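In: take this sequence and fold it.
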Amino acid sequence: MSGNGDQKRMALIASRGTLDWAYPPFILASTGAALNMEVAVFFTFYGLPLLMKDLKAKVAPHSNPAMPMKMPFGSEGFQRFSWPIPNIVSGVVPGFESFATAMMKRTFAKKGVATIEQLREACVESDVRLIGCQMTMDVFGFSADDFIDGVELGGAATFLEFAADADITLFI
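Out: Sure thing, here's the model as predicted:
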């Protein structure tokens, strides 16, 4: 059942705020909007910081055991090799999270992948509803001023009102 005549609706819930988990909701939302879908993303719990003006999302390899732990070393023109890194190392080596974040951002940039900020801006420009969870905001002590322009604050009822007529609903 579509919410607006023939226009399809997509409802997404973003509940994680790491860099690797930030991509799926913004990619899906911006793609849905480009396909002329009406899209809303509900940012709750740890996903809410993805709407902050000062975005500080990092990779958390220790919480994603499926993350490939081979880091390429070397540069263009020099021998490149991969060094297997045991997953346990990612949780105990100081600075590894920052290193993994920098490597991911560098790899994505080299492959021409848009940044989270660019994808988020594409969503705003495409009229994707970015709904920040009011309860989470209150619990974590955020204020409306912490978020980018275009964020709608609301609770579960605000999102469910939209999602009730969605053709696609995903929890990310």
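
In: and this protein, what are its domains?
Out: 9-57+115-171, 65-110 (automatic domain parsing).

In: for those domains, give me TSV that also has mean pLDDT and mean neighbour count.
Out: To be clear about C-beta, it is placed using only N, CA and C from the backbone, and glycine gets the same treatment. What follows is the domains of the chain, written out as TSV (pLDDT from 0 to 100; neighbours: other C-beta atoms under 10 Å):
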stretch	mean pLDDT	mean neighbour count
domain 9-57+115-171	97	18
domain 65-110	63	12
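
In: pretty sure R120 contacts P25?
Out: No: counting by C-beta atoms under 8 Å, R120 does not reach P25; the two are 9.5 Å apart.

In: quickly list what's touching both of the two.
Out: Common neighbours of R120 and P25, using C-beta atoms under 8 Å, 6 or more residues apart in numbering, are L50.

In: got a list of what L130 touches?
Out: By C-beta under 8 Å, 6+ apart, the contact list for L130 reads A40, V41, F43, L51, R120, C123, V124, G150, V151, E152.

In: would you mind giving the secondary structure of the second one?
Out: Same thing as V41. strand (DSSP: H, G, I helix; E, B strand; the rest coil).

In: quick one, strands of this protein?
Out: For the chain, the strands defined by DSSP state E occupy 9-14, 38-43, 70-73, 81-84, 129-133, 151-154, 168-171.

In: dump the ones you listed to CSV, plus distance to G32.
Out: As requested, the strands of the chain are arranged in CSV below (distance: least, C-beta to C-beta, whole Å):
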stretch, distance to G32
strand 9-14, 4
strand 38-43, 4
strand 70-73, 33
strand 81-84, 35
strand 129-133, 11
strand 151-154, 17
strand 168-171, 8
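
In: among these, which is nearest F99?
Out: strand 70-73 (8.2 Å; C-beta to C-beta).

In: need the contact list for the most centrally placed residue in the chain.
Out: In the chain, the centroid-proximal residue (C-alpha atoms, centre = their mean) is A22; its distance is 1.5 Å. A22 makes contact with A14, R16, L50, A57, I116, according to C-beta under 8 Å, 6+ apart.

In: nearest to L170 among those?
Out: For those, the closest approach to L170 (C-beta to C-beta) belongs to A14, at 9.5 Å.

In: the closest one and T31, how far apart?
Out: A14 sits 15 Å away from T31, going by C-beta to C-beta, to the nearest Å.

In: and for G95?
Out: Distance, G95 to T31, by C-beta to C-beta: 34 Å.

In: can you tell me the closest non-neighbouring residue to G47?
Out: Nearest non-adjacent residue to G47, counting by C-beta to C-beta, 6 or more residues apart in numbering: A14, 3.7 Å away.

In: what's that neighbour in contact with, if anything?
Out: Applying C-beta under 8 Å, 6+ apart, we find A14 in contact with W21, A22, P24, P25, V41, F42, F43, T44, G47, L50, I172.
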